[in-house]
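Colleague: Just a sequence and a predicted model for now, questions to come.
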Amino acid sequence: MSRKVMCVKLKQELPGLDEPPFDTDLGKRVYDNVSQQAWGMWVEHCKMLLNEYRLNPARREDQEVIVKQLEQYFFGEGAQAPAQYVPPAS
């Protein structure tokens, strides 16, 4: 049986993550407040950020950018797509 959380992103009670995504206070906050569904949305958003800004997740400064974006996405104003971002045509 999956654990339920009141998802901060989708504003409803949904299945939560199986474990914190990282071993930090932010990881715990995500675990407590973000649903699996919203986390999947973040993963897609993050891929777009990595591509648009040509971020390298192995570089510490790029990791900091990603963490800031993640905080904004779930707990801030909401993340914005980069100004020049054009979503892929479906």
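Modeller: All right, it came through fine. These numbers come from a predicted model, not from an experiment.
Colleague: which stretches of the protein form helices?
Modeller: Assigned by DSSP state H, the chain shows helices spanning 25-33, 36-52, 60-75.
Colleague: Among those helices, which comes closest to residue 18?
Modeller: Closest to residue 18 of the helices of the chain, according to CB to CB: helix 36-52, at 8.1 Å. Where C-beta positions appear, they are placed from N, C-alpha and C, glycine not excepted.
Colleague: which helices and strands sit right next to that closest one?
Modeller: Contact here means 3 or more CB pairs under 8 Å, 6 or more residues apart in numbering; DSSP states H and E; on that basis helix 36-52 packs against strand 13-15, helix 60-75.
Colleague: Give me the contact list for the shortest one.
Modeller: Read it as strand 13-15. 2, 3, 4, 5, 6, 7, 35, 36, 37, 38 (CB atoms under 8 Å, 6 or more residues apart in numbering).
Colleague: change it to 7 Å
Modeller: Outside strand 13-15, the residues that touch it by CB atoms under 7 Å, 6 or more residues apart in numbering are 2, 3, 4, 5, 6, 7, 35, 36, 37.
Colleague: partners of the nearest residue to the third one once chain neighbours are set aside in the sheet?
Modeller: I take that to be residue 4. Sequence neighbours aside, residue 13 is the residue nearest to residue 4 in space, at 5.1 Å (criterion: CB to CB, 6 or more residues apart in numbering). Counting by DSSP bridges, residue 13 is bridged to residue 6.
Colleague: ok, how many other residues are close to residue 13?
Modeller: A total of 11 residues lie near residue 13 under the criterion other CB atoms under 10 Å.
Colleague: Show me the shaky parts of the chain.
Modeller: For the chain, the stretches with pLDDT under 70 are 1, 78-90.
Colleague: State the distance from residue 12 to residue 4.
Modeller: Going from residue 12 to residue 4 by CB to CB, to the nearest Å gives 10 Å.
Colleague: Nearest to residue 23, out of the helices and strands packed on helix 36-52?
Modeller: helix 60-75 (12.9 Å).
Colleague: Next, the angle helix 25-33 makes with the closest one.
Modeller: 30 degrees (axes from the mean of the first three to the mean of the last three CA atoms, to 10 degrees).
Colleague: rewinding a little: could you dump the helices of the chain into JSON lines and include distance to residue 18 and mean neighbour count?
Modeller: Formatted as JSON lines, these follow (distance: least, CB to CB, whole Å; neighbours: other CB atoms under 10 Å):
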{"stretch": "helix 25-33", "distance to residue 18": "9", "mean neighbour count": "16"}
{"stretch": "helix 36-52", "distance to residue 18": "8", "mean neighbour count": "15"}
{"stretch": "helix 60-75", "distance to residue 18": "17", "mean neighbour count": "15"}
